[in-house]
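Novice: Quick one, structure for this:
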Amino acid sequence: MATAKQVLILGGGFGGLVSANLIRKGLRKEECVITLVDKSRYFMMGLVNLWILSGNRKLEDSQVDLDNLQKKGIIFLNDEITSIDASEKSVTTRASNKLKCDYLIVALGAELAPERISGFENNDESCFNAYDSKQATRLREKILSIKRGRIVVCIADLPYKCPPAPYEVSLLLNDILVKNGTRDSIELDMYVPTPIALPVAGPQMSQNVVNLLNDNHIKFHTSHKIKKVLDKKTIEFENGNKTNYDVLVVIPPHQIPPVIKNSDLLEAEQRWINVDKFSLRTKHNNVFAIGDVTEIRLDKNTTIPKAGIFAEGEAKAVSFQIINEIKNSYLNYDKAHIQFDGKGHCFMEIGDKKAGYIDADFYNEAGPTTRLVAPSEEFYQKKLDFEKSRVNEWLTP
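Specialist: Sure, this is the predicted structure:
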């Protein structure tokens, strides 16, 4: 009997969990051994940060143990990856484990780098990282405690995870202030480094988002890239402008994990891993990269957004390719299954338990298309269902 193939998955986020589950469903244990490595013991969707900020969820109630994968026939190693040799399809971990495989899926995501904003981390009492789940509760408490002043939400740089999320943060802060009875005495401003709100979605979608901000009296400032945080609660921007704040909420710069930067997965001058836009294959044989570690460029100005739903779609395409190859049969899944289609969707919360619906087709032959459906309670409920269904599918034995 042939030896079981080894599939090694790096990262326990959207891409990693989808890949592990689909390959396990498609192949028997005798055909394939699946190992997933992540330095965190838990999985939690980034969108849960918004619910913690809103007061509808607690952090400790939202983290799901990745060790549940063991009960599904998937080996989980809670370990940190220290080196990757893609050409040899081998990985070394902090615990000195050297792992070799037949197929390697790199799904380590993007890391937050708030330290790249000069002065930001020296102002712990008034500065908050919007994407840090451990800070969400503290931010909520801060917003509820202030009676007057100015809150500034600032996107530090592009790209960042989940393009609509910063706008959701602003709208949810507005909702908290309204319910707290302090909105009339607190200014709420948003600064972005780009000339429009969502360059990846185009001018019409961007204007739709700005209209939502305007409807909620959130002042929107374009072409303001943060340079440094000064003493006396002042931000300096690269264009020379300065502004004051009482509370600063930042979407920090993102970067590729250092272990990837130091590997043979990156070409010179690349910030992210280059992959084939349909197969997600890298330049190395049987090595795939999916999700936020990649950059799939559609033209000079447009790339596939860094968002979980796209990592999910990419993981499906990769999983079906691997299943087909291991089974040595290309009849099981057709082209529509084994190629990433560039489509995705998400839900954009605006507060008051309402959310809009965004869908996109980035591989549309006539050019990328995006659409925003008006916010409703129905879409908010669908967002709740989205998280619940995925967690149940991926991590419930």
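Novice: make it CA atoms for all contacts and neighbour counts henceforth
Specialist: Noted.
Novice: List the contacts of the residue nearest to Cys162 when sequence neighbours are not counted.
Specialist: In space, and not counting its chain neighbours, Cys162 is closest to Ala307: 4.7 Å by Cα to Cα, 6 or more residues apart in numbering. Contacts for Ala307 (Cα atoms under 8 Å, 6 or more residues apart in numbering) come out as Lys161, Cys162, Pro163, Gly291, Asp292.
Novice: Can you name the next helix or strand after the helix or strand bottoming out on mean pLDDT in the chain?
Specialist: Least confident element among the helices and strands of the chain, by mean pLDDT, DSSP states H and E: helix 335-338 (a mean of 74). Next helix or strand after helix 335-338 toward the C-terminus (DSSP states H and E): strand 343-351.
Novice: which parts of that next one are buried?
Specialist: Lys343, Gly344, His345, Cys346, Phe347, Met348, Glu349, Ile350, Gly351 (16 or more other Cα atoms under 10 Å).
Novice: How about stretch 89-104?
Specialist: Buried residues in stretch 89-104, counted by 16+ other Cα under 10 Å: Lys89, Ser90, Val91, Thr92, Thr93, Lys100, Cys101, Asp102, Tyr103, Leu104.
Novice: From the chain's centroid, how far away is that stretch?
Specialist: Centre-to-centre, stretch 89-104 and its host chain are 25 Å apart (Cα atoms, centre = their mean, to the nearest Å).
Novice: gap between the two ends of that stretch?
Specialist: 6 Å (Cα to Cα, to the nearest Å).
Novice: Could you do stretch 153-164 as well?
Specialist: For stretch 153-164, the end-to-end distance is 13 Å (Cα to Cα).
Novice: And for stretch 126-140?
Specialist: OK, stretch 126-140 end separation, Cα to Cα: 12 Å.
Novice: on that earlier part again, tell me which entries of the contacts of Ala307 lie within helices.
Specialist: If you go by DSSP state H, the contacts of Ala307 have nothing in helices.
Novice: I'd like the distance between the residue nearest to Cys162 and Ile290.
Specialist: Ala307 sits 11 Å away from Ile290, going by Cα to Cα.
Novice: What of Leu198?
Specialist: Note on Leu198: its distance to Ile290, by Cα to Cα, is 22 Å.
Novice: between the two, which one's more packed in?
Specialist: A direct count of neighbours by other Cα atoms under 10 Å for Leu198 and Ile290 places Ile290 higher, at 33 against 20.
Novice: contacting residues for that one?
Specialist: Contact analysis of Ile290 by Cα under 8 Å, 6+ apart lists Gly15, Ile105, Val106, Ala107, Leu280, Ala311, Glu314, Ala315.
Novice: Over to Leu266?
Specialist: Ile260, Trp272, Ile273, Asn274.
Novice: Secondary structure class of the first one, three-state.
Specialist: Right, the one you point to is Ile260. helix (DSSP: H, G, I helix; E, B strand; the rest coil).
Novice: Could you pull up the contacting residues of it?
Specialist: Ile260 touches Ser83, Ile84, Leu266, counting by Cα under 8 Å, 6+ apart.
Novice: in this protein, which ranges drop under the pLDDT threshold?
Specialist: Residues of the chain that meet the criterion pLDDT under 70 lie in 1, 123, 329-336.
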